[in-house]
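K.L.:
test case, fold it:
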Amino acid sequence: MSHTRPVQVHFDDLDAMGLLHNARYSVLVERAITAFWTELGWNFDPAHSRFKDVFLAVREFSITYHVPIMGVGEPLVHFWMERMGNTSGVYGFRVLSPDGQTVHAEGRRVNVNLDPATLRPTPFSPEIRDAAKVLAA
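P.N.:
Okay, here's the model as predicted:
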């Protein structure tokens, strides 16, 4: 399964040519994934999170650009979990036009679950593994 959600491109996301700046694609992906998990009860603050896994870091982010996004608007981010290992998860994603017909960019993002005290990788909890099943490829 996967998830698709609209994200907002603002005027200040654009470069001098009126195209979405290349660095902003990763921000769109981040916003979509964060909104998904927030709706499931995830929070940066462990006291308010449904999950104990709240200290995650991006280990890798790769993107291939296909067709530039021109101007402001509301493209879609389609994402899924390619793999969930012991301490890391791999998301696949595509940034799409609002109608879903054009692939603007695609790639992958790897997150690592960290122990906040040691900053070392730590296993994902059973609760977050169970919740992530809806994103399984």
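K.L.:
could you use CA atoms for every contact and neighbour count after this?
P.N.:
Fine.
K.L.:
what secondary structure does Glu106 sit in?
P.N.:
On the three-state scheme (DSSP: H, G, I helix; E, B strand; the rest coil), Glu106 is labelled strand.
K.L.:
what about Gly92, which SS state?
P.N.:
strand.
K.L.:
and the longest helix along the chain, average pLDDT?
P.N.:
Assignment by DSSP state H gives helix 24-39 as the longest helix of the chain. Here helix 24-39 scores 97 as its mean pLDDT.
K.L.:
for the helix or strand that comes right after it, buried residues please.
P.N.:
Next in sequence after helix 24-39, counting helices and strands by DSSP states H and E, comes strand 56-65. The neighbour-count criterion (16 or more other C-alpha atoms under 10 Å) identifies Leu56, Ile63 as the buried residues of strand 56-65.
K.L.:
sheet partners, orientation included, of strand 56-65?
P.N.:
strand 103-113 (antiparallel) (DSSP bridges).
K.L.:
and the partner strand, how far out from the chain middle?
P.N.:
7 Å (C-alpha atoms, centre = their mean, to the nearest Å).
K.L.:
kindly report the same for stretch 20-27.
P.N.:
13 Å.
K.L.:
again, but for stretch 51-62
P.N.:
10 Å.
K.L.:
hmm, back to that, tilt between the longest helix of the chain and strand 56-65?
P.N.:
Here helix 24-39 runs at an angle of 140 degrees relative to strand 56-65 (axes from the mean of the first three to the mean of the last three C-alpha atoms, to 10 degrees).
K.L.:
does anything pack onto helix 24-39? Which helices or strands?
P.N.:
Contacts defined by 3 or more C-alpha pairs under 8 Å, 6 or more residues apart in numbering; DSSP states H and E place helix 24-39 against strand 76-84, strand 88-96.
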